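1. okay, predicted coordinates and the sequence, questions at the end:
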Amino acid sequence: MKEPARGRLVVGASCLGMLCLGANGTAIMAALPTMREELGLGAGEVEWVVNAYLLASAAFIILGGKMADRSGAGRVALAGLVLFTLACLVIALAGSASWVLLGRALQGLAAAFAVPGTLTLVGRAVPPEGRAAAIGAWAGFLMLGFSLGPLIGGALTHFLGWRDIFRVNGAVMLVSAIGVGLSAPLRAPERTGSPPRIDGGGFVLLAILMVSAIVTLQGVRTVFEAPVRFLAPLAVATASLLLFVGTERHRSDPFVDLALLAHPAFLRATATGAVAMFCILPLLMFLNLDVQGAEGLALSPVEAGLATLPMSAGLLAVSLSAPALVRRFGARPSMMVAMLAIVGASPVIALAAGDRTLAFLGIGLLLAGAGLALPYATAPRLALAALPPDRAGLSSGLVNAGTFLGGSLGVTLNGLAFAAGGLGAVMAVIAAAGAVGFALCRAMPADTSRQDTAQR
């Protein structure tokens, strides 16, 4: 196969894989009420169906980037795509909650290898003059899948069954894996010295910290009835945090360079992206649980997918136009307005859902999607632009880990809110998160847009 054709196949297969990953993140939201009923899931298990994927992705995404540098991007990407296919099969055949959770965790692990692997492949598959367009297509297909996921998931659940979400996703991902296997180099990168070491201890401590922190938050709901469910994971989280910071500071090749987390511009931008994911996933999750419930609008899965279509439209349209908006108005003011849109949309959604008014619900969701899209699309570029290019690999891993972890925190905290006050309480938490995002954006330097333009 000639090099230009091989490069096009690498880009096409990688974009197809990202389309599946994006859709996987949101399609399941429309299926959750049906899955809960069929599998007899409790409230905590419903949260873990989402959190298992997010936490596995957050815990392994930095390792995935390091493995791409060590073993070769082609190998890592192919491993991630094949594992994702197998994970879809596990979920599609699952007969209990345990198998679903295992499959979701495997999907998260697979995503942690597929994302950095395919991104590196795409960046190397085309000549320098076409690199920006190829990476833009890679990101665009990821957002396209993310935006259309609720409608796809609702339609498949309604007309076929929730398991077919994963059958279809797995089949398409298998095509992506075959394309990468046929076109991408599957050898380790050539180097003169020994391959870079991986701090296994730091990786394990960071993974334990993430999981135990989420379990601690989930234990808040039973802190008086069963305090050990809160205190035990809190002790584990505290110990792992202290050990992680203590060991990483004294390593010559740490798993995470803690100095990066002390960079104000990088930290604010990463936190802004995490806030966006904190809002997006619980909004889709608990909105579907509400509007498909007997006490809500009692919508079918496909009707719920159609009801969330305005949010999908806002997400996709604004994410694609985000670079132009940033160039025209600047990143800081653009994202400040976007965060205010989230704050303003939250009571509209809560009131419309409470009054069962679909028209106003659509308006609120359109506004929320438009507001969430700009920081979700822009904040990672700002974070990477804040650091030297030679730190791009690790900083990209940290940004992605922060985004996944933000989504997991959002699902967990809003699970507490939903149990206490329904969708109205969830929207209050999301509005508060939007206010935090506004403060983060306001604290960004005034020349952020110029940094972003230089990065692109």
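-> Perfect, thanks for sending it.
2. could you use CA atoms for every contact and neighbour count after this?
-> Noted.
3. and the residue most central in space within the chain, how far from R104?
-> Nearest to the mean C-alpha position of the chain, by CA atoms, centre = their mean, lies F404 at 4.5 Å. Distance, F404 to R104, using CA to CA, to the nearest Å: 14 Å.
4. how about F438?
-> 32 Å.
5. same question, D69
-> 26 Å.
6. more neighbours, these two?
-> R104 (26 against 19; other CA atoms under 10 Å).
7. just checking, the more buried one touches I91?
-> Yes: the criterion here is CA atoms under 8 Å, and R104 meets it with I91 at 7.3 Å.
8. who touches both of those two?
-> Residues touching both R104 and I91 by CA atoms under 8 Å, 6 or more residues apart in numbering: none at all.
9. mind listing what's buried along stretch 131-140?
-> Neighbour counts using 16 or more other CA atoms under 10 Å place A134, I135, A137, W138, A139, G140 of stretch 131-140 among the buried residues.
10. any idea which of the residues you listed is the one closest to I208?
-> I208 lies nearest to A139 out of the buried residues of stretch 131-140, by CA to CA, at 29.8 Å.
11. which stretches of the stretch 101-250 of the chain form helices?
-> For the stretch 101-250 of the chain, helices defined by DSSP state H, counting those that start in this stretch occupy the ranges 128-159, 163-183, 200-218, 228-249.
12. what's the separation between L367 and S147?
-> Taking CA to CA, one finds L367 at 14 Å from S147.
13. mind picking out the helix or strand in this structure with the poorest mean pLDDT?
-> helix 448-455 (a mean of 45; mean pLDDT, DSSP states H and E).
14. need the contact list for L287.
-> L423.
15. which parts of the stretch 201-350 of the chain are strands?
-> Secondary structure of the stretch 201-350 of the chain by DSSP state E, counting those that start in this stretch: no strands are present.
16. where does pLDDT dip in the chain?
-> Residue ranges of the chain with pLDDT under 70: 1-3, 189-196, 389-394, 447-456.
17. going by length in residues, pull out the top helix of it.
-> helix 392-442 (DSSP state H).
18. picking that back up, a markdown table please, covering the buried residues of stretch 131-140 and showing distance to I363.
-> Output for these, formatted as a markdown table (distance: CA to CA, whole Å):
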| residue | distance to I363 |
| --- | --- |
| A134 | 34 |
| I135 | 32 |
| A137 | 29 |
| W138 | 29 |
| A139 | 26 |
| G140 | 24 |
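19. report the contact partners of L416.
-> L416 neighbours (CA under 8 Å, 6+ apart): Q218, R221.
20. from A31, how far off is it?
-> 21 Å.
21. just want to know which of L367 and S147 has more residues nearby.
-> More crowded of L367 and S147, by other CA under 10 Å: S147, with 30 against 25.
22. these two touch, right, that one and S312?
-> Yes: look at S147 against S312 with CA under 8 Å: they come within range, at 4.5 Å.
23. which ones are touching I349?
-> F360, L361, G364, L365, M427.
24. specify which member of those is nearest to A184.
-> Closest to A184, out of all of the contacts of I349 and judged by CA to CA, is L365, at 40.0 Å.
25. quick one: contacts for that closest one?
-> L365 makes contact with T308, P310, M311, A345, I349 under the criterion CA under 8 Å, 6+ apart.
26. please repeat the previous calculation with a cut-off of 10 Å.
-> 283-284, 307-315, 342, 345-346, 348-349, 371 (CA atoms under 10 Å, 6 or more residues apart in numbering).
27. again with R251
-> Shown in contact with R251 (CA under 10 Å, 6+ apart): D199, G202, D257.
28. pull out the buried members of those residues.
-> Buried members of the contacts of R251, counted by 16+ other CA under 10 Å: D199, G202, D257.
29. distance to S321 added to the residues you listed, as a markdown table?
-> A markdown table is the format used below for the buried ones among the contacts of R251 (distance: CA to CA, whole Å):
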| residue | distance to S321 |
| --- | --- |
| D199 | 39 |
| G202 | 39 |
| D257 | 33 |
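30. closest to R124 out of those?
-> The closest of the buried ones among the contacts of R251 to R124 turns out to be D257 (CA to CA; 25.7 Å).
31. in this structure the closest one contacts T247, no?
-> No: proximity of D257 to T247 does not meet the contact threshold set by CA atoms under 10 Å, at 11.2 Å.
32. who touches both of those two?
-> Counting by CA under 10 Å, 6+ apart, nothing touches both D257 and T247.
33. please enumerate the shared neighbours of S147 and S312.
-> G369, A373.
34. now do the contacts for S176.
-> Applying CA under 10 Å, 6+ apart, the residues near S176 are 9-10, 12-20, 78, 81-82, 85, 170.
35. domains of the protein?
-> If you go by automatic domain parsing, the domain ranges for the chain are 1-182, 199-254, 259-456.
36. for I178, what are its contacts?
-> Contacts of I178 by CA under 10 Å, 6+ apart are A13, L78, L81, V82.
37. separation between it and A111?
-> Counting by CA to CA, the gap from I178 to A111 is 17 Å.
38. looking at the buried residues of stretch 131-140, spot the one nearest G161.
-> Using CA to CA, the buried residues of stretch 131-140 come closest to G161 at G140, 27.9 Å.
39. I'm done for today, thanks for sticking with me.
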